[in-house]
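Asker: okay, sequence plus prediction incoming.
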There are 2 protein chains.
Amino acid sequence: MSTTNNVVKLAARPVGAVKDSDWQFAQEELRALGDGEIQVKVLFTSLDPAMRGWINEGESYMPPVAVGETMRALGVGRVIASNNAGFAVGDHVSGLLGVQEYATSNGQGLFKVDPRMAPLPRFLGTFGMPGLTAYFGLLDVGQFKDGETVVVSGAAGAVGAVVGQIAKARGGRVIGIAGGADKCRYLIEELGFDAAIDYKSENVAQALAKHCPNGMDVYFDNVGGEILDAALTRLAVGARIVICGAISQYNNKEAVKGPSNYLSLLVKRATMKGMVVGDYYGRAGEAAQALAGLAMQGKLKAREDIVVGLENFPRAFNMLFSGENNGKLVLQVAAE
Amino acid sequence: MSTTNNVVKLAARPVGAVKDSDWQFAQEELRALGDGEIQVKVLFTSLDPAMRGWINEGESYMPPVAVGETMRALGVGRVIASNNAGFAVGDHVSGLLGVQEYATSNGQGLFKVDPRMAPLPRFLGTFGMPGLTAYFGLLDVGQFKDGETVVVSGAAGAVGAVVGQIAKARGGRVIGIAGGADKCRYLIEELGFDAAIDYKSENVAQALAKHCPNGMDVYFDNVGGEILDAALTRLAVGARIVICGAISQYNNKEAVKGPSNYLSLLVKRATMKGMVVGDYYGRAGEAAQALAGLAMQGKLKAREDIVVGLENFPRAFNMLFSGENNGKLVLQVAAE
């Protein structure tokens, strides 16, 4: 059991893009474990676009991280001390561990993961929150039906890549939108997407018109902004738009750009629905089974982009918004 | 049977607000009736916000009215000549009769109305397309459940007034948004709404916070723009937004104002869904029965604002967008 802990705290509430000075590195003494508590050595910390929302002021689906508080993050770690019969030393667990070296927890909200099943970082991606988001977002919120046309933005990201592969495995036609030729090639050559649109070099609305001559049945949106507006011009009648995120808008200093073409919802009798993955934790087993099944058939590929060292958290965090990362972005905090 | 016909044609495709010069009055010879055709003397012509969309260029749920074509409009009239066994001289009919004195039709899309049941203009309002829109918009698209809180914009209009009264009759709590103290008083005193917000003199977001402390379950939107954005700040978890129209945006010369607060859909797991009433024509009987039942119980009040004379069509049309009309706006083209 360790007694000192390096942590990353929120130093200031950021305006627009997050600056290094918005974070504070601190060293803290760890108190003795209470009854029912465990100590977890954090191995991998997840970097997710939703974290940008957690550090904004104001009401959301979770209370904001307070200034001076340890930054909230999902992670995977190993139990190194336990006063809780549910967890043994050596168990690997995943959950909200925070951006720090050691997490003290009563075990609530943590679940065990099996490192023989997949590399640990994958429990923060395909087999973690992004995988759950993709599964329930596409099937439950998006009501995807076999054979439909699906367009997904942020397609090379942790959520988007899983959305596209589930849809492909179920007979869908899948078009991914991503930034850069490398990511687009990856979508088609590695993940088997039918088409990919490089928003950095193509006119998205025109490309969608080309690739979805009959419109799209599901649009899974991770980015918002101009790309959401372009997608709205190409809906099929009865289309469903899943609002999963809006990564293009999270660093805005001004008001979010609302989708000017939202009246297409009327013309196309379409639905735009928001989702928060936490609502589906009770059904996580269903998704885990389906995703593991796909993975065993070779139909669910994944890649992780791993940045090493707690001290690199600020830089890694901003990679999410510049689109620099290739695959699920994870911070390696410690070796086993 | 008449042989000359005064008609109002679309003279130019309007940009922004519709000008008098965008309409053209013409007199035409009426041809002899063919087999299966009827001639209808138009008595009342409906003025509906959707008509602004019909004269825009571009794809929508109906082809646009062409320049030079008789303006499309719903109306009620009386059959004055018939070569169709389904319609007798003297029958009253409702349907797309156009902005003109006489309509020639094969009867398709026309249905008979009974003037003993209600004053004829009401078949263009409560017992017509606006009533159907309100009924299916609230119950089918909006999935209203007994006891929920409903907010409706354009609340004193033809659709909004019916939405609120159906919800009240089913145990809902209803807040209407309308322009001006008179309309607000009407909503509360005549229609029995729980509260009314005058968008011309109140801060809508603040007023919604006051009247919906627990958020709204259904927001029925007829207006779009700033009011839609305000409503998005007060959604209950799982709220449904019905996009029925966007009267504040129809005369825009620039891009429509998209709802900046659309990410509330995510935070509140809410749904925004568009509707086109034509999709429900097959179920019109269900709505007619329910609405007639409410009316007989005194729970469905209506008022019409009648402008007399075909020559006043251009002025009456613009009243829709200035909010000058009190109740369902109808043009009286002829007496019986």
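Answerer: Done, it's in.
Asker: quick one, what contacts A:Val151?
Answerer: By Cβ atoms under 8 Å, 6 or more residues apart in numbering or on different chains, the residues touching A:Val151 are A:Val174, A:Ile175, A:Gly176, A:Ile177, A:Leu208, A:Cys212, A:Met216, A:Val218, A:Tyr219, A:Phe220, A:Ala231, A:Arg234. Glycine gets a C-beta too; all of them are placed from N, C-alpha and C.
Asker: just give me the closest of these to chain B.
Answerer: Ranked by distance to chain B (Cβ to the nearest Cβ), those are led by A:Arg234 at 11.1 Å.
Asker: could you check the pLDDT of the closest residue to that closest one other than its chain neighbours?
Answerer: The spatially closest residue to A:Arg234, leaving aside those adjacent along the chain, is A:Leu208, at 4.4 Å (Cβ to Cβ, 6 or more residues apart in numbering or on different chains). On pLDDT, A:Leu208 comes in at 98.
Asker: and the contacts of A:Val151 as a markdown table, adding secondary structure and neighbour count?
Answerer: Below are those laid out as a markdown table (DSSP: H, G, I helix; E, B strand; the rest coil; neighbours: other Cβ atoms under 10 Å in any protein chain shown):
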| residue | secondary structure | neighbour count |
| --- | --- | --- |
| A:Val174 | strand | 27 |
| A:Ile175 | strand | 27 |
| A:Gly176 | strand | 30 |
| A:Ile177 | strand | 32 |
| A:Leu208 | helix | 25 |
| A:Cys212 | coil | 21 |
| A:Met216 | strand | 24 |
| A:Val218 | strand | 27 |
| A:Tyr219 | strand | 31 |
| A:Phe220 | strand | 34 |
| A:Ala231 | helix | 27 |
| A:Arg234 | coil | 26 |
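Asker: quick one: secondary structure of the residue in the stretch 201-336 of chain A that chain B sits nearest to?
Answerer: Residue nearest to chain B within the stretch 201-336 of chain A: A:Gly258 (3.0 Å; Cβ to the nearest Cβ). Following DSSP: H, G, I helix; E, B strand; the rest coil, A:Gly258 is assigned to coil.
Asker: I figured it hits B:Leu263, correct?
Answerer: No - assessed by Cβ atoms under 8 Å, A:Gly258 is found out of contact with B:Leu263, at 9.3 Å.
Asker: ok, the residue nearest to A:Arg234 - contacts?
Answerer: A:Val151, A:Ile175, A:Ile197, A:Met216, A:Ala230, A:Ala231, A:Thr233, A:Arg234.
Asker: grab the nearest non-local neighbour of the third one.
Answerer: Nearest in space to A:Ile197, with sequence neighbours left out and distances taken as Cβ to Cβ, 6+ apart, is A:Ala207 at 4.3 Å.
Asker: surely that neighbour touches A:Lys200?
Answerer: No - look at A:Ala207 against A:Lys200 with Cβ under 8 Å: they stay out of range, at 11.9 Å.
Asker: okay, now the residue lying closest to the residue of the stretch 201-336 of chain A closest to chain B once chain neighbours are set aside: neighbour count?
Answerer: Closest residue in space to A:Gly258, ignoring its immediate chain neighbours: B:Gly258 at 3.0 Å, by Cβ to Cβ, 6+ apart. By other Cβ atoms under 10 Å in any protein chain shown, 23 other residues sit near B:Gly258.
Asker: what's the answer for A:Thr4, then?
Answerer: By other Cβ under 10 Å, the residues close to A:Thr4 number 10.
Asker: am I right that it is in contact with A:Gln100?
Answerer: No - applying Cβ under 8 Å as the test, A:Thr4 and A:Gln100 come out as separate, 11.0 Å apart.
Asker: and A:Ile80, its phi and psi?
Answerer: Dihedral pair for A:Ile80: phi -110, psi -10, per degrees, to the nearest 10.
Asker: which residues sit in contact with it?
Answerer: Listed by Cβ under 8 Å, 6+ apart, the contact set of A:Ile80 reads A:Met1, A:Ser2, A:Gln39, A:Val40, A:Lys41, A:Val89, A:Tyr102.
Asker: give me every residue in the stretch 151-300 of chain A lying close to chain B.
Answerer: Within the stretch 151-300 of chain A, the residues that sit near chain B (Cβ under 8 Å from any Cβ of the partner chain) are A:224, A:229, A:243-246, A:249, A:255-276, A:279.
Asker: quick one, which of these are buried?
Answerer: Listed as buried from these are A:224, A:229, A:243-246, A:249, A:256-276; burial here means 16 or more other Cβ atoms under 10 Å in any protein chain shown.
Asker: what sits against the residue nearest the centre of chain A?
Answerer: By Cα atoms, centre = their mean, the mean C-alpha position of chain A lies nearest to A:Pro130, the distance being 4.3 Å. By Cβ under 8 Å, 6+ apart, the contact set of A:Pro130 is A:Asp48, A:Leu124, A:Gly157, A:Ala158, A:Val159, A:Val162, A:Lys328.
Asker: possible to save the contacts of A:Val151 as CSV with distance to A:Leu138?
Answerer: Output for the contacts of A:Val151, formatted as CSV (distance: Cβ to Cβ, whole Å):
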residue, distance to A:Leu138
A:Val174, 10
A:Ile175, 14
A:Gly176, 13
A:Ile177, 15
A:Leu208, 18
A:Cys212, 17
A:Met216, 13
A:Val218, 7
A:Tyr219, 11
A:Phe220, 6
A:Ala231, 15
A:Arg234, 18
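Asker: strands of the stretch 1-150 of chain A, start to end?
Answerer: Secondary structure of the stretch 1-150 of chain A (DSSP state E, counting those that start in this stretch): strands at A:4-10, A:23-29, A:38-46, A:74-82, A:92-96, A:102-105, A:111-113, A:149-153.
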